[in-house]
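>>> Next input, structure requested:
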Amino acid sequence: MTESSRITRRQALTIAAGAAGASMTGATAVIGTTASAQAAKVAQKVVKYQDTPKGEQRCDNCDLFQAPSSCKNVDGTIAPQGWCIIYRKKAA
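Numbering: from 1, shown residues only. Below is the predicted model of the structure:
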């Protein structure tokens, strides 16, 4: 992992706070439902999502990417060639 792709403590706390705040809004969700899973996702802006890769790092080789166009942790439509600060390379 390059120095520039590491998540700072401040960024990690921001992501956690965003996820916690999102999960506490709206009606109470039943654990295990799709609604509660979506509530835990963070906004693309929080993780500095971009629809272009950062060198070899791209969503379609990230462990969090869910084909064809979503992410386990980031809300919204995700481009396979995109990138964000929580990129985590798939295990070989």
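>>> Let me see the contact set for residue 48.
Contacts for residue 48 (C-beta atoms under 8 Å, 6 or more residues apart in numbering) come out as 84, 85. For every residue, glycine as well, the C-beta is placed using N, CA and C.
>>> what secondary structure does it sit in?
Of the three states, residue 48 takes coil under DSSP: H, G, I helix; E, B strand; the rest coil.
>>> so how far is residue 10 from the nearest residue to residue 91 once chain neighbours are set aside?
Spatially, and ignoring its direct neighbours in sequence, residue 91 is nearest to residue 63 (7.0 Å; C-beta to C-beta, 6 or more residues apart in numbering). Residue 63 is 23 Å from residue 10, where distance means C-beta to C-beta, to the nearest Å.
>>> These two: which has the busier surroundings?
Between residue 63 and residue 10, counted using other C-beta atoms under 10 Å, residue 63 has the larger neighbour count: 11 against 8.
>>> gap between that one and residue 44?
For residue 63, the distance to residue 44 - C-beta to C-beta - is 18 Å.
>>> Then residue 53?
Separation of residue 53 from residue 44 (C-beta to C-beta) stands at 15 Å.
>>> any idea of the pLDDT on residue 80?
On pLDDT, residue 80 comes in at 98.
>>> phi, psi of it?
Residue 80 adopts backbone torsions of phi -60, psi -30, taken as degrees, to the nearest 10.
>>> my guess is residue 75 meets residue 44, correct?
Yes - assessed by C-beta atoms under 8 Å, residue 75 is found in contact with residue 44 at 6.6 Å.
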